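> pasting a predicted model and its sequence here:
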Amino acid sequence: MTVSVDSLRETIANYGIRLGHDPRLRHQGTADLMGSYDSRTRTIRIARGLSTGQQVVTLQHELIHALHDQNGTWDPDPQVEEMRTRTETALRLVSPYEYAIAERLYGPDPWCLADQLGLTVHVVRDWQQLAHDNPRLLRTAEKAF
């Protein structure tokens, strides 16, 4: 993983977006809400107790929501907005080269790859779907071998 929590915090601050924790957000499993963005206060909030990989994914995901809001490209359909944000998150966090190396060494299991890449299973699965739909994502990285 080439993106760090500190670099994301700095980027968020540079955009004038506040960052905090929300006690109502709970991380008790893989499908729980780990973060949120409030467009009225321009604040990203994340759950406490997240691993470093979960923090990176959550901060990146919520930053993309914030940028959609700031740039006027927020989709009024929540499902479309969420899928678009998940796609952008996967594209920003998963290096095709690092993914290709990890998959060659450990196989295609998303849980194992998430652990090796320092990301969440959701991001790896989203990226795998993108790579399936757009095979050139992996082909370029595989040529480096």
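Cool, the structure landed. Numbers count the residues shown, from 1 in each chain.
> now the element after the longest helix that the chain contains, going C-ward?
Scanning the chain for the helix with the most residues, using DSSP state H, yields helix 52-71. Past helix 52-71, heading to the C-terminal end, the next element that is a helix or strand (DSSP states H and E) is helix 78-93.
> and whatever helix or strand comes next after that following helix, which residues are buried?
Heading C-terminal from helix 78-93, the first helix or strand you meet, by DSSP H and E, is helix 96-106. With burial defined by 16 or more other CB atoms under 10 Å, the residues of helix 96-106 counted as buried are 96, 98-103. Quick note: C-beta positions are derived from backbone N, CA and C, even for glycine.
> elements contacting helix 96-106?
Under the contact criterion of 3 or more CB pairs under 8 Å, 6 or more residues apart in numbering; DSSP states H and E, helix 96-106 touches helix 110-117, helix 121-133, helix 136-142.
> tell me the angle it makes with helix 121-133.
100 degrees (axes from the mean of the first three to the mean of the last three CA atoms, to 10 degrees).
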